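Student: need coordinates for the following:
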Amino acid sequence: MKTTGKHFICLIVTLATTVLTGCTIRVDNARETEAVRARSNGLTSAESGRDIQRAMTFWAEDAIVQPAGMPQLRGREATEALYHRLFSDSTLRGISGTPSNITVAESGDLAYEYGINQMVFSGPKGDLLDMGKYLLVWKKVENEWYIAALSFSSNAAEPAPMATHKE
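Tutor: Residues are numbered from 1 along each chain as shown. Below you'll find the predicted structure:
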């Protein structure tokens, strides 16, 4: 009986120490960063290919989008409508984004990414380039990264003519 009592006291002391010092779960930050990068690359690929159905697989149900020059949008339905609006624009020739930074929270359930984006439009006198920036927030849902929020804007008041190469 005395041995059982000692084990019980050790268990109580161990539990109390764990509670008082806090129990931290170690997150493999490098692995999570690469997982977010892979998801980001997948989104960029889907958007570049104008594949709305595939692009939507990266979005959380309650996602918020803050597009340049438009009111805030909420939810997958509004996000999908934005894709349809963008991709139905016959002047849009290309869209891409390049992350400059991806940071995963120590908790391993949130991450943010920021970078540059560009859109190319056809104009009456040649292609027009719209360079901008974006901030993307990712959240982990059931062990997969999904977009929780996106905000993007242009660096200029309007797209600029692209340089043409004379040969």
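
Student: name the residues of stretch 35-48 that are buried.
Tutor: For stretch 35-48, a neighbour-count test (16 or more other C-beta atoms under 10 Å) marks 35-36, 39-40, 43-44, 46-47 as buried. C-beta: built from backbone N, CA, C; applies to glycine.

Student: what's the mean pLDDT across it?
Tutor: Mean pLDDT, computed over stretch 35-48, is 96.

Student: what's that stretch in contact with?
Tutor: 52, 54-55, 57-58, 83, 94-99, 102, 104, 111, 113, 136, 138, 144-145, 147 (C-beta atoms under 8 Å, 6 or more residues apart in numbering).

Student: which SSE is immediately downstream of whichever strand or helix holds Arg39?
Tutor: Under the criterion of DSSP states H and E, Arg39 resides in helix 29-48. Following helix 29-48 in sequence order, the next helix or strand is helix 52-56 (DSSP H and E).

Student: what sits against Ile102?
Tutor: Here Ile102 is in contact with 33, 36-37, 40, 111-113 (criterion: C-beta under 8 Å, 6+ apart).

Student: the residues you listed into CSV, with extra columns for distance to Ala63?
Tutor: Output for these, formatted as CSV (distance: C-beta to C-beta, whole Å):
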residue, distance to Ala63
Thr33, 21
Val36, 15
Arg37, 19
Ser40, 14
Ala111, 14
Tyr112, 14
Glu113, 14
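
Student: where do the helices sit along this structure?
Tutor: 2-21, 29-48, 52-56, 76-88 (DSSP state H).

Student: and Arg85, how close does it get to Pro161?
Tutor: 24 Å (C-beta to C-beta, to the nearest Å).

Student: now the residue nearest to Met56 when sequence neighbours are not counted: how far from Ile52?
Tutor: Sequence neighbours aside, Glu80 is the residue nearest to Met56 in space, at 5.6 Å (criterion: C-beta to C-beta, 6 or more residues apart in numbering). Glu80 is 6 Å from Ile52, where distance means C-beta to C-beta.

Student: check Thr44 too.
Tutor: Taking C-beta to C-beta, one finds Thr44 at 14 Å from Ile52.

Student: how about Tyr114?
Tutor: 24 Å.

Student: and if you look at Phe58?
Tutor: 11 Å.

Student: now stretch 65-83: buried residues?
Tutor: Buried residues in stretch 65-83 (16+ other C-beta under 10 Å): 65, 67, 73, 79-80, 82-83.
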